[in-house]
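> predicted structure and sequence below. I'll ask about it afterward.
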Amino acid sequence: MRVNSSSQHIADSPESGTLQGERRIGIIYMEESGRGLTHPFFSLILDAFKKEAESRGCEITFLNTGIPGSGMKWSDYCRLSGIDGVCVVCGNFDSQDMKDLASSGLPCVTIDHMYKRVCAVLSDNETGVRELVEYAISKGHRRIAFIHGHNNSIVTRARISQFRNTMSVHSLPVPPEYIQDGKYDDIKLTRKLVTNLLTLPERPTFILLPDDISYLGAQDAARECSLSIPGDISFAGYDGIPLTQALTPKLTTIRQDTDQIGRLAATRIIDLIDHPSTATRMPAILPVRFMEGGTVGTV
């Protein structure tokens, strides 16, 4: 029978020293694009989380994502598996399975989503979107469109709200067709949506994309419409992943600090396991950094 290692020290022989009891942290990672652990954004968060957690004597376990819908709750599955706490890096946060986990009392940290009384780590999305839109405005753009990610995401809702607010502050109109429902990391869908925007009678001059990966689809759409970047059409992404910074021209974007996100998530879940009565459950909202590239021209 396994003893909860978060409150146990295991005495070893004098030759090998004394080892602190190992905590087991479960990772829920339900990434929809199909890239899995090769995802250029989440892989960086996972790597930072792993390094921090393992440096503090923790064992990392990826949980079987086939459990939801099987009749067994995540919290029961974790307890039966000897999991001390869970970090939800990516998942269907609106599902009942995930909501049950969040309210189960099991130490839990979420990334890019907030539940009541659950610790969350996320970036300052409002500041990021505002900086991108205001940069485009400073370059003379007035017809500004936004292709956003999943509507059911708290990140998406925050970005859409900030986009509308920033445009309103500058007294700029937002035609309904200038806000397009997209998906994160979906190159094919982004190509289609950008093409739709570029073939409007009054097309936008600047398009804010849901993420950096989507820029690859936007590039294709602009090329198919015989438009140059940034001479005829401007784009900005979101995330600041190394891939799109290697392109020519570099993508103008917002960099999320994946290293800090991962490390802080690991620190928070360990604190919740070790000190459940005093550990903070307040969300941590991390600063972002504007990265000027060459994909936004002057109008």
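Now that the structure is in, tell me what you want to look at. Numbers count the residues shown, from 1 in each chain.

> then Gly128 would be within a helix, right?
Yes: the assignment for Gly128 (DSSP: H, G, I helix; E, B strand; the rest coil) places it in a helix.

> check contacts around it.
Contact analysis of Gly128 by C-beta atoms under 8 Å, 6 or more residues apart in numbering lists Arg159, Tyr238, Ile254, Gln256, Val288, Phe290. Heads up, the C-betas are built off the backbone N, CA and C, glycines and all.

> make TSV from these and add neighbour count to it.
Formatted as TSV, the contacts of Gly128 follow (neighbours: other C-beta atoms under 10 Å):
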residue	neighbour count
Arg159	23
Tyr238	30
Ile254	25
Gln256	26
Val288	23
Phe290	16
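
> among those residues, which lie within helices?
Counting by DSSP state H, the part of the contacts of Gly128 found in helices is Arg159.

> closest to Ile111 out of the contacts of Gly128?
Ile111 has its nearest neighbour among these in Gln256, at 10.5 Å by C-beta to C-beta.

> surely the closest one touches Gly237?
No: using C-beta atoms under 8 Å as the test, Gln256 is too far from Gly237 to be in contact (11.2 Å).

> how's this protein carved up into domains?
Listed domain ranges for the chain are 5-123+257-288, 125-255 (source: automatic domain parsing).

> start and end of the shortest one, how far apart?
When the termini of domain 125-255 are compared using C-alpha to C-alpha, to the nearest Å, they are 11 Å apart.

> what mean pLDDT does that domain have?
Mean per-residue pLDDT for domain 125-255: 95.

> the helices in the stretch 101-250 of the chain, which residues?
Secondary structure of the stretch 101-250 of the chain (DSSP state H, counting those that start in this stretch): helices located at 125-138, 154-169, 187-198, 215-224, 242-245.

> for Phe93, which non-adjacent residue is closest in space?
With C-beta to C-beta, 6 or more residues apart in numbering as the criterion, Phe93 has its nearest non-adjacent residue at 4.4 Å, and that residue is His113.

> ok so, going back, got a markdown table for the domains of the chain, with distance to Val296 too?
Shown next, in a markdown table, are those (distance: least, C-beta to C-beta, whole Å):
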| stretch | distance to Val296 |
| --- | --- |
| domain 5-123+257-288 | 17 |
| domain 125-255 | 4 |
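
> rewinding a little: okay, the contacts of Gly128 in a markdown table with distance to Gly57 next?
Listed next are these as a markdown table, based on distance: C-beta to C-beta, whole Å:
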| residue | distance to Gly57 |
| --- | --- |
| Arg159 | 37 |
| Tyr238 | 35 |
| Ile254 | 34 |
| Gln256 | 28 |
| Val288 | 31 |
| Phe290 | 37 |
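
> ok, the contacts of Gly128 vs Gly140, which is closest?
Closest approach to Gly140 among the contacts of Gly128 (C-beta to C-beta): Phe290, at 17.9 Å.

> closest one of the contacts of Gly128 to Glu31?
So of these, ranked by how close each gets to Glu31 (C-beta to C-beta), first place is Gln256, at 15.9 Å.

> now do the contacts for the closest one.
Counting by C-beta under 8 Å, 6+ apart, Gln256 has contacts Phe41, Ser123, Gly128, Tyr238, Asp239, Gly240, Leu286, Val288.

> can you tell me how far it is from Asn64?
28 Å (C-beta to C-beta, to the nearest Å).

> state whether Glu32 is indeed within a strand.
No: counting by three-state DSSP, Glu32 is not found in a strand; it is coil.

> please report phi then psi for it.
phi -90, psi -10 (degrees, to the nearest 10).

> show the pLDDT at it.
For Glu32, pLDDT reads 77.

> number of residues surrounding it?
14 (other C-beta atoms under 10 Å).

> swap in the one 5 residues further on?
Residues within reach of Leu37, counting by other C-beta under 10 Å, total 11.

> which one is it nearest to, not counting chain neighbours?
Leaving aside its sequence neighbours, Leu37 sits nearest to Ser43 (C-beta to C-beta, 6+ apart; 5.8 Å).

> the one you found in helix, strand or coil?
Looking at Ser43 with three-state DSSP, the answer is helix.
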